[in-house]
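**Student:** Give the three-dimensional model of this entry:
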Amino acid sequence: MEQQKNYLVCERRSVFALLTLSAGMMGAYTFNLRGGVFCNAQTANVVLMALAFGKGDWLGGSYYLLPIGAYLAGAFLSELLPSPMRRFGFLRWDTYLVAFECCVLFAIGFIPLTWPHHFVQVLVNFIASMQYNTFRQAEGIPMATTFCTNQLRQVGVGLAKAVRKGDREGLHRALFFLGMLGCFFGGGVLSTVACQLVSAKAIWLNLLPLGIVLARLVRADLTHEKDQLFRKPSGH
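**Tutor:** Numbering: from 1, shown residues only. Now for the predicted structure:
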């Protein structure tokens, strides 16, 4: 328990669970309403661009440079901005980022479905990349909050260690990642239901988990972690 107290609020497992829940919502939202794509990661876009180029569709393939570029820009900026933001001495970069995510997702809810889907896709690409690059470790455990390939792998690895060596830590790790998978899955289910009920404004459902995270981060920055604003989270 003492070791757990040494982690910043932005590293807590509960914060990562809420971020993962929100990411599942974003993925379901863009797939259901904004062009049938998943914007949380870029593997599919790279493959689709390669397929298009392989078929000689240079124009169609070049489109994928937009979401890939947005994802690249998100990673680039989220790597550069923390240092200058710390100089303000008011809030941590992680807090500013979650506030920015809330603003972007709130604005997306006003964009009509009749608009080109590419605009919303690029926005989600951008903020998903920033979140992925900023929140890296949950209490010392490497984590990806915006997609679940690594979670699946870690569940398998943890279970294998538990079966082969009777490793209780491996079992606990597997259960942790299984829980994160459940958060992502649950977010997708909730968002899909919301898409059917409120259409484009279903993205506002993300503001619930992100709002909780934002409130916790702001409270920490202004109170018990005020003297640790210059401390980097694990993995950075």
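**Student:** Going by C-alpha atoms from here, please, whenever you check contacts or count neighbours.
**Tutor:** Fine.
**Student:** would you list every one of the strands in the protein?
**Tutor:** 137-138, 141-142 (DSSP state E).
**Student:** Neighbouring strands - and their directions - for the first one?
**Tutor:** Think strand 137-138. strand 141-142 (antiparallel) (DSSP bridges).
**Student:** Turn the strands of the chain into a markdown table, including distance to Phe185 and mean neighbour count.
**Tutor:** Rendered in a markdown table, the data for the strands of the chain read as follows (distance: least, CA to CA, whole Å; neighbours: other CA atoms under 10 Å):
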| stretch | distance to Phe185 | mean neighbour count |
| --- | --- | --- |
| strand 137-138 | 19 | 22 |
| strand 141-142 | 19 | 14 |
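**Student:** possible to save these as CSV with distance to Gly235?
**Tutor:** Converted to CSV, those look like this (distance: least, CA to CA, whole Å):
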stretch, distance to Gly235
strand 137-138, 6
strand 141-142, 8
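**Student:** Which of the ones you listed sits closest to Gly179?
**Tutor:** strand 137-138 (12.8 Å; CA to CA).
**Student:** And the contacts of the closest one?
**Tutor:** For strand 137-138, the external contacting residues (CA atoms under 8 Å, 6 or more residues apart in numbering) are Glu11, Arg12, Arg13, Phe16, Met143, Pro233, Ser234, Gly235.
**Student:** how far is that strand from where the chain is centred?
**Tutor:** Relative to its chain's centre, strand 137-138 lies at 12 Å (CA atoms, centre = their mean, to the nearest Å).
**Student:** would you list every one of the helices in this protein?
**Tutor:** Using DSSP state H, the helices of the chain run over 2-5, 13-33, 43-54, 58-63, 65-80, 82-86, 93-108, 117-134, 149-165, 168-198, 207-222.
**Student:** just to revisit the earlier point, tell me which of the strands of the chain lies nearest to Asn45.
**Tutor:** Using CA to CA, the strands of the chain put strand 141-142 closest to Asn45, at 24.3 Å.
**Student:** which residues does Leu181 contact?
**Tutor:** Cys148, Gln151, Leu152.
**Student:** Columns pLDDT on top of those, output as TSV?
**Tutor:** Below are these laid out as TSV (pLDDT from 0 to 100):
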residue	pLDDT
Cys148	92
Gln151	93
Leu152	94
